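For reference, the sequence and a predicted model appear below.
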Amino acid sequence: MITAIIGSAAFFAVAFLYILLALGFPFGNLAMGGKYKVMPKKMRAACAFSALVQLAAIVFLLQAGDIISADISKNTAKGACYFFACYLLINTILNGMSKSKKEKLVMTPLSFLTAICFFITALNS
């Protein structure tokens, strides 16, 4: 399913950004309110955890879209897709309210696109 492929690519871009943030790269203006250019150590741990959750979400999305065959039930993958669709819609709203102009311009549409992909994939799985 094309929405699973598009959504996983978009969410992988976000996960990659969070991995870079966890490693101390100066892209903090794109995430978590844009308060820090380089994330402090405690925030880096949160970024690393977030990246792991995002990568797990990609596996659920690809499973629900019949792109991969993981040892996950169809209902579990579908439920996870609905959960992440809701999470990403909330994330879209919060990104839109960010003080960081870059986060608003980049992450808001990316979160919205990914949310739609999770939702459509769940509906069609």
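Yep, that arrived. Residues are numbered from 1 along each chain as shown.

from here on, contacts and neighbour counts on C-alpha atoms
OK.

So which elements touch the helix or strand where residue 61 lies?
Residue 61 is part of helix 41-64 when elements are defined by DSSP states H and E. Using 3 or more C-alpha pairs under 8 Å, 6 or more residues apart in numbering; DSSP states H and E, the elements in contact with helix 41-64 are helix 2-22, helix 74-96, helix 108-124.

Please dump the ones you listed into a markdown table; it should also carry distance to residue 33, mean pLDDT and mean neighbour count for every row.
Output for those, formatted as a markdown table (distance: least, C-alpha to C-alpha, whole Å; pLDDT from 0 to 100; neighbours: other C-alpha atoms under 10 Å):
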| stretch | distance to residue 33 | mean pLDDT | mean neighbour count |
| --- | --- | --- | --- |
| helix 2-22 | 13 | 97 | 20 |
| helix 74-96 | 7 | 96 | 19 |
| helix 108-124 | 12 | 97 | 22 |
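
rewinding a little: which residues does the helix holding residue 61 contact?
Helix 41-64 is contacted from outside by 4-5, 7-8, 11-12, 14-16, 18-19, 21-24, 68-70, 72, 74, 77-78, 80-81, 84, 118, 121-122, 125, using C-alpha atoms under 8 Å, 6 or more residues apart in numbering.

mind running it again at 7 Å?
Here helix 41-64 makes contact (C-alpha atoms under 7 Å, 6 or more residues apart in numbering) with 4, 8, 11-12, 15, 18-19, 21-22, 68-70, 74, 77-78, 80-81, 118, 121-122, 125.
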